[in-house]
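1. model the structure of this input:
(chains A and B)
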Amino acid sequence: MNMQLVTGNHAAGHSLSLAGEANRGARGAVCGIYPITPQTEIVEYVARFPFSKGRVIPVESEHSAMGVCIGAALNGARAFTASSANGLAYMAENVLVAAFYRLPIVMAAVNRTLGPPWNIWADQGDTLMFRDFAWVQFYCDSNQDVADTALLAFRLAEDPRILLPVMVCMDAFIVSHTSMEVELASQEQVDRFLPPCSVPHRLDPQHPVTVGGMAFPPETLSQRMELDEALRRVPAVLEEHRAEFREVFGREVCGAVDSYRVADADRIVIASGTIATTVRDVVDEWRARGENVGMIRIKMFQPFPGREIRSLCAGVAKIGVVDRNYAAGTGGIFCHEVRANLQGQDGPFVQGYLAGVGGGDVVPGLVDEIMADLSCRTAAGEAVWKGVEP
Amino acid sequence: MSVARAELFGEECLLRPGNTNCGGCGMSVALTMLGRALAGESYSLVIPACCGIVTAGAYPTTSYNVPVIASTFASAPAFASGVAAVNDLNCEPGEHPAHVICWAGDGGTYDIGIATLSATAERNENLIYICYDNEIYGNTGGQRSSATPAAARTTTTPGGKSERKKDIIGIMAAHRVPYAATLSVAHPEDFRDKIRRALGIDGFRFFLIHAPCPTGWKTEPAESVELVRLAVRSGVFPLYEVFGGEDYRINVEPDGTDPLEYYGRQRRFAGEGADPEALRHAAQMRMERLRNLAGRRPID
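-> Numbering: from 1, shown residues only, chains lettered A, B, ... in the order given. I've put the predicted structure just below:
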């Protein structure tokens, strides 16, 4: 076992680099890099890594960092990058191209508040901006989760049944800059876990095609339908890869959702990222007082695990969703999706809580207030802002 | 007829017949010349938003005889950096990697793509960047770009453009790229020779092609090649090359043709804002400056 005390950024950099190195027997690895707080340490790690068949390209913008990845992936290499916040916004045009070109690019995304106002702390609004772009998205809750999910991401992205880009998201500073004990993968393990990267539609001089030229409505519609079908295949394929991960690494990696003490719960709090770890502790406190509360952590946001949520919430009276993000007009984005997926089901109401928006700490006391509010309610109302200074 | 077609559009042709480009399109002629200059070479194209990607036609067909990636407008050299990096990584010792060529219009080069272009040049990526410069956003119906020359009327400069054209070769030379050169479809031998020369150079290579656009320039399609020939002869668009950003060489010395012979044939310069003397003077001053840069070096 290779246990080390490392930050989330270190964990991400390590896994991305080992995945890149693992493709040395095939077309190699390419990483387009550009710095932005708080992900910079990830690309610094990758830039230091002694790839035997790889190139790290320090470009002039996030837009070009993804551009480099797209070109490299279309030429058959394993391609990856990292970004945050306004860097992701600047990259946006090429982020959607990566998905529309069906390229298995992996991006470590450190969730940081979109500016203005300029703020480097945790908020998921940056990556959730891309929820409609057909990127698979995972929201990690610990450094170990980052290290393992980054590897799982390549396996999933490059699966010929999927061929979609994957974002591995983590909370700024709470994960990215905080050290935890992590079991880091070895190159030998990653070599076993990741087959050579194969992009079936990569450039081939023997069969020249134009990738991404003009298309008429019927062909475009088919392309979008195929994206949808690939996304729908993700949950089952992910389970296969998790089983392989267990085989190679001897430990579990969380899949689409995780749940805690929900079996007999009448109230469930749903959260993602590091907030879920706090909710888990508060659930224990409430359970100790005899309250039947439970927790669901949504790790995979896209495709949204609606079936799992419906099944876990069956028979539950009240659901509270905690969102560290704000979407104008809808409130919390996870809450919006949970509500949409429970629509038509008799039973629970879904109350939204906006907590930690702009990076404030979501401490146990705040979660306690949320559980108390949820317990008193008889129906859902407008999203409740938490952490507002009086 | 079939023999002629085979000669024109043989196995080696880059631009296949059946594309929908306009009559007199300088870019189309340039693509044909590029294909001939690259005969026998393995290469792929990266094309941003521009007439060059519309040229490919609608999915699943393609007018290009080589692999093409359509890039976002500002990203052609970034996409191409990724493609070239993988070619280099997978090149057997002693072999030359397949070439990667960006084929972009002036909008993608002088305007929206210039940051990416600058960074790619600064990193000296192993690729060839070719800008076919029709001095206008042709694909969108003829709006001004920073490549549009002073006095030219466009749909967004109806009174004639008041600013001068950017000196893109000067910008590339300031990056000290290994090779930068201008090309004209009126000088096919020079075109071929300089493309072949670039193939033997490693690192970032830049070409600027004067590409007449009859639709945007308000000119006769049949006169396209003649027009750009006049541009070379009058010094409006001189043919030259720059090695390492410093060593300038003029390839075709202007023969004293009056620049107004070039300007006078285009309705885009027929507006009231176009002062013939000013146009003539500006062209002569540019040529003088180029001669100084070249140290009046004799032609190779």
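
2. for the chain, longest helix please?
-> No chain in the question, so chain A it is. For chain A, the helix reaching the highest residue count under DSSP state H is reported as helix A:217-249.

3. my bad, chain B
-> Scanning chain B for the longest helix, with DSSP H as the assignment, gives helix B:276-293.

4. determine the set of other helices and strands touching that one.
-> strand B:247-252, helix B:259-263 (3 or more CB pairs under 8 Å, 6 or more residues apart in numbering or on different chains; DSSP states H and E). Every residue, glycine included, has its C-beta placed from N, CA and C.

5. if I look at residue B:244, how far off is chain A?
-> In this view, residue B:244 and chain A are 22 Å apart by CB to the nearest CB, to the nearest Å.

6. rewinding a little: so which bits of the longest helix of chain A are buried?
-> Neighbour-count burial for helix A:217-249, counted by 16 or more other CB atoms under 10 Å in any protein chain shown, picks out A:227, A:230, A:231, A:234, A:235, A:237, A:238, A:241, A:242, A:245, A:248, A:249.

7. quickly run through the sheet partners of the following helix or strand past that helix, with directions.
-> Using DSSP states H and E, the helix or strand that directly follows helix A:217-249 along the chain is strand A:257-260. Each strand that strand A:257-260 pairs with, and the sense of that pairing, follows from DSSP bridges: strand A:293-298 (antiparallel).

8. what ranges of chain B fall below the confidence cut-off?
-> Within chain B, the segments meeting pLDDT under 70 span B:1-12, B:296-300.

9. which parts of it are strands?
-> Along chain B, the segments classed as strands by DSSP state E run B:43-47, B:68-70, B:99-105, B:128-133, B:179-184, B:205-210, B:239-243, B:247-252.

10. including distance to residue A:262 and mean neighbour count, could those strands go into TSV?
-> Putting the strands of chain B into TSV (distance: least, CB to CB, whole Å; neighbours: other CB atoms under 10 Å in any protein chain shown) gives the following:
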stretch	distance to residue A:262	mean neighbour count
strand B:43-47	51	27
strand B:68-70	47	26
strand B:99-105	53	29
strand B:128-133	57	27
strand B:179-184	65	26
strand B:205-210	62	26
strand B:239-243	69	21
strand B:247-252	73	18
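
11. any chance of those strands in a markdown table, plus distance to residue A:336?
-> Formatted as a markdown table, these follow (distance: least, CB to CB, whole Å):
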| stretch | distance to residue A:336 |
| --- | --- |
| strand B:43-47 | 39 |
| strand B:68-70 | 34 |
| strand B:99-105 | 41 |
| strand B:128-133 | 45 |
| strand B:179-184 | 52 |
| strand B:205-210 | 49 |
| strand B:239-243 | 57 |
| strand B:247-252 | 61 |
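
12. wait, which of these is closest to residue A:215?
-> Using CB to CB as the measure, strand B:68-70 is the one of the strands of chain B that comes nearest residue A:215, at 10.4 Å.

13. distance from the chain centre to that closest one, please.
-> For strand B:68-70, the gap between its own C-alpha mean and the chain's C-alpha mean amounts to 18 Å (CA atoms, centre = their mean, to the nearest Å).

14. so what's the closest residue to residue A:11 other than its chain neighbours up against?
-> With CB to CB, 6 or more residues apart in numbering or on different chains as the criterion, residue A:11 has its nearest non-adjacent residue at 3.9 Å, and that residue is residue A:147. When contacts are counted by CB atoms under 8 Å, 6 or more residues apart in numbering or on different chains, residue A:147 is found next to A:11, A:12, A:14, A:15, A:182, A:183, A:184, A:185.

15. what comes up buried for the helix or strand harbouring residue A:147?
-> In this assignment (DSSP H and E), residue A:147 forms part of helix A:143-157. With burial defined by 16+ other CB under 10 Å, the residues of helix A:143-157 counted as buried are A:143-157.

16. can you give the domain ranges for chain A?
-> Domains of chain A are assigned by automatic domain parsing as A:3-249, A:257-385.

17. tell me which residue is most central in chain A.
-> To find the centre residue of chain A, average its C-alpha atoms and take the closest one (CA atoms, centre = their mean): that gives residue A:138, at 2.1 Å.

18. which helix or which strand is home to that one?
-> Going by DSSP H and E, residue A:138 is in strand A:136-139.

19. which secondary structure elements does that strand contact?
-> So strand A:136-139, by 3+ CB pairs under 8 Å, 6+ apart, packs with helix A:143-157, strand A:166-171, strand A:300-302.

20. how far does it sit from the chain's center?
-> What separates the centre of strand A:136-139 from the centre of its chain is 2 Å, taken as CA atoms, centre = their mean.

21. can you pull the contacts of residue A:127?
-> Applying CB under 8 Å, 6+ apart, we find residue A:127 in contact with A:88, A:109, A:111, A:137, A:167, A:169.

22. can you add neighbour count and pLDDT and give these back as JSON lines?
-> What follows is these, written out as JSON lines (neighbours: other CB atoms under 10 Å in any protein chain shown; pLDDT from 0 to 100):
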{"residue": "A:88", "neighbour count": "26", "pLDDT": "98"}
{"residue": "A:109", "neighbour count": "28", "pLDDT": "98"}
{"residue": "A:111", "neighbour count": "35", "pLDDT": "98"}
{"residue": "A:137", "neighbour count": "25", "pLDDT": "98"}
{"residue": "A:167", "neighbour count": "25", "pLDDT": "98"}
{"residue": "A:169", "neighbour count": "25", "pLDDT": "98"}
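
23. from those, which two are the most distant?
-> Greatest spatial distance in the contacts of residue A:127: A:88 and A:137, 11.9 Å, computed using CB to CB.

24. overlap in contacts, these two.
-> Shared between the contact lists of residue A:88 and residue A:137 (criterion: CB under 8 Å, 6+ apart) are residues A:127, A:130.

25. show me where the stretch 1-150 of chain B has helices.
-> If you assign secondary structure with DSSP state H, counting those that start in this stretch, the helices in the stretch 1-150 of chain B sit at B:2-8, B:26-37, B:51-54, B:76-89, B:106, B:114-122.
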